[in-house]
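# Requesting a structural model of the entry that follows:
(one chain, ligands or ions: 1)
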Amino acid sequence: MKLLVLYYSRTGNTEKMANAVAEGAKSVQGAEVELNYSASPEALSSFDAIVVGTATYHHDMPLGFKSFFEEIAVKNISLKGKVGAAFGSYGWSGEAPKLVIEILKNKFEMNVIEPPLSIKYEPDQAGLEKCKELGKRIAERLIHTA
Ligand SMILES: Cc1cc2nc3c(=O)[nH]c(=O)nc-3n(C[C@H](O)[C@H](O)[C@H](O)COP(=O)(O)O)c2cc1C
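So this is what the prediction gives:
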């Protein structure tokens, strides 16, 4: 069972969340976890779950994720039925993880875990625990549906 945590973080807050999500997922026996800030669209085919971490900038997700999703669509890479989730740090409005979930669900027909996990600015200990729980929940969903 392979799980990818793919994230974008400019000042490190979402990165801290990503590390904790990966840690939580790794705690589930049988889950192989990759943590990365970039991936090729083709590489996604080998994962059973794709978890996207994204900070919100200018009420949006970063351009890098938009072009990444566009490339997956253009190349017709199927993510149908894979488990999807999203999380991210934000300051006041936090649109990005919600937008990502909508795309994973409606465009790529993934089996998404909702709602996304959003944390204001830097995650504190309680926030990091929530991230670990999310990672664990995703990995457990994979193991149980295998
Ligand atoms: C230029 C700029 C624009 C931002 N725009 C938004 C925004 O539209 N909505 C929001 O919720 N937070 C916004 N933020 C706050 C960031 O989402 C917040 O600082 C977050 O913790 C950054 O996460 P990162 O450290 O993972 O990059 C903005 C921050 C900056 C510097």
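
# Flag every buried residue along the lengthiest helix in the chain.
Criterion DSSP state H: the longest helix present in the chain is helix 125-145. Neighbour-count burial for helix 125-145 flags 127-128, 130-132, 134-142 (criterion: 16 or more other CB atoms under 10 Å). (Glycine included, C-beta is placed from N, CA and C.)

# quick one, helices of the protein?
Using DSSP H, helices in the chain cover 13-26, 63-74, 95-102, 125-145.

# packing partners for the third one?
Right, helix 95-102. strand 49-54, strand 83-90 (3 or more CB pairs under 8 Å, 6 or more residues apart in numbering; DSSP states H and E).

# Let's have the ones you listed in TSV, adding mean neighbour count and mean pLDDT.
TSV is the format used below for the helices and strands packed on helix 95-102 (neighbours: other CB atoms under 10 Å; pLDDT from 0 to 100):
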stretch	mean neighbour count	mean pLDDT
strand 49-54	27	98
strand 83-90	26	98
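
# Now render these as JSON lines, adding distance to G24.
Below are the helices and strands packed on helix 95-102 laid out as JSON lines (distance: least, CB to CB, whole Å):
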{"stretch": "strand 49-54", "distance to G24": "10"}
{"stretch": "strand 83-90", "distance to G24": "11"}
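
# out of those, which comes closest to the ligand?
strand 83-90 (3.5 Å; CB to the nearest ligand atom).

# got any ranges where the protein has weak pLDDT?
By pLDDT under 70, the weakly predicted segments of the chain are 146.

# Spell out which residues of it are next to the ligand.
9-14, 55-59, 89-94, 121 (CB under 6 Å from any ligand atom).
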